[in-house]
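**Q** Predicted model and sequence follow; I will ask about them next.
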Amino acid sequence: MLHTRTPGLLLPLVSGATQRGAAPALRAACVRFLGEALVCYDDNGLSHQLVQLGDALGAAIADASSSVRVAACAAFLDSYEQRYPSHAARVRSRLSPASERMLSMRAAGGGSPATTPDGYSSGGLGCST
């Protein structure tokens with residue numbers, strides 16, 4: 001992901017992040033990679049898929065699996081909302097009240113574990129140039 005910054009990788013990640021039949025570990029990994037793409041890709045690589053990325057993160061924030069929710073909150077708050085506030089506002093407006101509360105709590109520093117239940121870091125997304 002960090003070395004191959006091609007927009008062609010984004011659609012399979014969006015699909016994997018939102019595929020309900022997939023294992024939670026796979027969905028969480030796809031969400032984490034989307035978060036990395038949001039940090040590392042330039043605007044030209046993301047601009048055509050911002051709506052799909054936001055919709056995928058919004059769905060992942062409401063996922064039944066806590067590991068997916070943790071990864072989605074981190075990607076949304078640390079990457080998507082920082083870079084694209086108007087798109088993030090649209091996603092937030094479509095969240096359920098419970099999902100919005102969870103996201104707001106995590107943004108305020110509450111309820112955000114350092115790692116997901118599967119042992120992966122939920123934050124600290126970085127990009128080597």
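**A** Here it is on my side, so go on.

**Q** When you work out contacts or count neighbours from here on, use the C-alpha atoms and nothing else.
**A** Will do.

**Q** those strands in this protein, which residues are they?
**A** Using DSSP state E, the chain contains no strands.

**Q** Low-confidence regions, it specifically.
**A** Counting by pLDDT under 70, the chain contains low-confidence ranges at 1-7, 110-129.

**Q** residues contacting the closest residue to Gln52 other than its chain neighbours?
**A** Sequence neighbours aside, Val14 is the residue nearest to Gln52 in space, at 7.3 Å (criterion: C-alpha to C-alpha, 6 or more residues apart in numbering). Contacts for Val14 (C-alpha atoms under 8 Å, 6 or more residues apart in numbering) come out as 30-31, 34, 52-53, 56.

**Q** Just send the residues you listed back as JSON lines, with distance to Met102 and neighbour count too.
**A** JSON lines is the format used below for the contacts of Val14 (distance: C-alpha to C-alpha, whole Å; neighbours: other C-alpha atoms under 10 Å):
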{"residue": "Cys30", "distance to Met102": "21", "neighbour count": "23"}
{"residue": "Val31", "distance to Met102": "17", "neighbour count": "33"}
{"residue": "Leu34", "distance to Met102": "20", "neighbour count": "28"}
{"residue": "Gln52", "distance to Met102": "22", "neighbour count": "14"}
{"residue": "Leu53", "distance to Met102": "19", "neighbour count": "27"}
{"residue": "Ala56", "distance to Met102": "17", "neighbour count": "22"}
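
**Q** and the two most separated of these?
**A** Cys30 and Gln52 (13.7 Å; C-alpha to C-alpha).

**Q** Counting residues, name the longest helix you see in the chain.
**A** Longest helix of the chain, by residue count under DSSP state H: helix 24-40.

**Q** Would you map the helices across this protein?
**A** Under the criterion DSSP H, helices of the chain are mapped to 10-18, 24-40, 43-46, 50-61, 66-75, 81-83, 85-94, 97-107.

**Q** now the angle from the fifth one to helix 10-18?
**A** Put plainly, it is helix 66-75. Interaxial angle, helix 66-75 versus helix 10-18 (axes from the mean of the first three to the mean of the last three C-alpha atoms, to 10 degrees): 130 degrees.

**Q** Please consider this matter closed, and thank you.
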